[in-house]
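Colleague: Have a look at this prediction, sequence included:
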Amino acid sequence: MLSTFVVPEIADAPTIAIEGDEAHHAIKVVRLEIGEEIILTDGAGRWAQGKVIAIEKKSLSVSVSQRGYQETRKPELIVVQALTKSDRMRETIELLTVAGVDRIIPWKAERSIAQEKENSVDKWSLVSTAASKQSRRVRFPIIESAVTTKEITQRFSSHLIVLHESASHKLSTLKFLDGEPVVIVVGPEGGITDSELALLQGSQVRMGDEVLRSAHAGFAALAAIQTLIQRW
């Protein structure tokens with residue numbers, strides 16, 4: 001399995017340097033050796049593959065053998081995730097990232113215990129970057145600041161897919177319009193309130209008889225939807 005590393009820019013030059021924290025990780029932790037094949041990405045779709053040709057104390061050089069660009073995908077897969085405790089939110093970000101989410105929007109649900117802190121988005125982005133590298137993504141998810149229920153409804157109107165244990169329709173019955181974003185709403189551990197359900201118009205669906213934890217529901221829903229839209 002090829003290791004993936006992040007660089008600020010995928011230049012057109014025949015060689016690309018890895019420096020800073022990524023170089024330290026590659027040299028001291030992964031212990032890359034000359035001749036090893038790796039993948040480089042800027043996290044925004046541009047990527048390059050090549051062999052390590054030089055290793056210095058704080059940098060290494062890669063000879064590029066191929067390069068490319070991954071366009072933004074349609075439909076865009078968006079998860080509106082109710083805020084959870086910090087350790088659970090980290091787990092959620094990791095799972096959503098490896099499942100192929102394109103955008104994560106934290107939600108200030110009525111029953112959310114945790115609150116967004118000043119540096120939360122930066123921390124979540126670091127978690128997502130690590131998960132993206134592990135899963136060899138070259139376009140990383142966009143993570144936004146937390147929003148209110150009202151802001152969700154104003155932004156997405158009737159495009160929402162609300163996961164709810166009491167819904168009468170199953171997730172597998174959904175039909176997806178070409179090009180339209182898929183917006184999945186995941187509630188907190190305490191559930192979505194009746195007042196929130198009244199505001200969150202769209203499709204309410206359930207995923208079988210089992211009730212998943214908030215941190216895991218989005219991952220399961222993405223897996224099912226990736227299959228339904230034949231991306232998997």
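Modeller: Here it is on my side, so go on. This one's a predicted model, so the numbers in the text were calculated from it and none came from an experiment. Numbers count the residues shown, from 1 in each chain.
Colleague: got the phi/psi numbers for S214?
Modeller: Backbone dihedrals for S214, given as degrees, to the nearest 10, come out at phi -60, psi -40.
Colleague: Could I get the pLDDT score of it?
Modeller: pLDDT, S214: 92.
Colleague: Contact partners for it?
Modeller: S214 makes contact with 81-82, 84, 88, 92, 186-189, according to Cβ atoms under 8 Å, 6 or more residues apart in numbering. Just so you know, the C-beta spots here come from the backbone N, C-alpha and C atoms, and that holds for glycine as well.
Colleague: Would you mind measuring from the residue most central in space within the chain to V211?
Modeller: Geometric centre of the chain, nearest residue: T97, 3.0 Å, by Cα atoms, centre = their mean. The gap separating T97 from V211 is 23 Å, by Cβ to Cβ, to the nearest Å.
Colleague: do K123 as well
Modeller: From K123 over to V211 the distance is 28 Å, taken as Cβ to Cβ.
Colleague: mind checking pLDDT for the nearest residue to L83 once chain neighbours are set aside?
Modeller: Closest residue in space to L83, ignoring its immediate chain neighbours: S112 at 4.1 Å, by Cβ to Cβ, 6 or more residues apart in numbering. Listed pLDDT for S112 reads 90.
Colleague: S112 and T84 touch, don't they?
Modeller: Yes - between S112 and T84 there is a contact under Cβ atoms under 8 Å: 7.2 Å.
Colleague: Give me the common contacts of those two.
Modeller: With Cβ under 8 Å, 6+ apart, S112 and T84 have common neighbours P188.
Colleague: Domain map for this protein?
Modeller: The record's domain parsing of the chain by automatic domain parsing lists 3-69, 77-228.
Colleague: So what's the model's average confidence on the first one?
Modeller: Taken as a whole, domain 3-69 has an average pLDDT of 95.
Colleague: mind checking the end-to-end distance for it?
Modeller: Domain 3-69 has its terminal residues 18 Å apart, counting by Cα to Cα, to the nearest Å.
Colleague: Select only the buried ones of the contacts of S214 in ChimeraX?
Modeller: The command below creates a ChimeraX selection of those among the contacts of S214 that count as buried (16 or more other Cβ atoms under 10 Å):
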select :81,82,84,88,92,186,187,188
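Colleague: Pretty sure V185 sits in a strand.
Modeller: Yes - assessed with DSSP: H, G, I helix; E, B strand; the rest coil, V185 lies in a strand.
Colleague: Who is it paired with across the strands?
Modeller: Judged by DSSP bridges, the bridge partners of V185 are V80, V162.
Colleague: Could you give the number of residues near it?
Modeller: Here the count is done by other Cβ atoms under 10 Å, and V185 has 30 residues near it.
Colleague: Right, I'll call it a day here.
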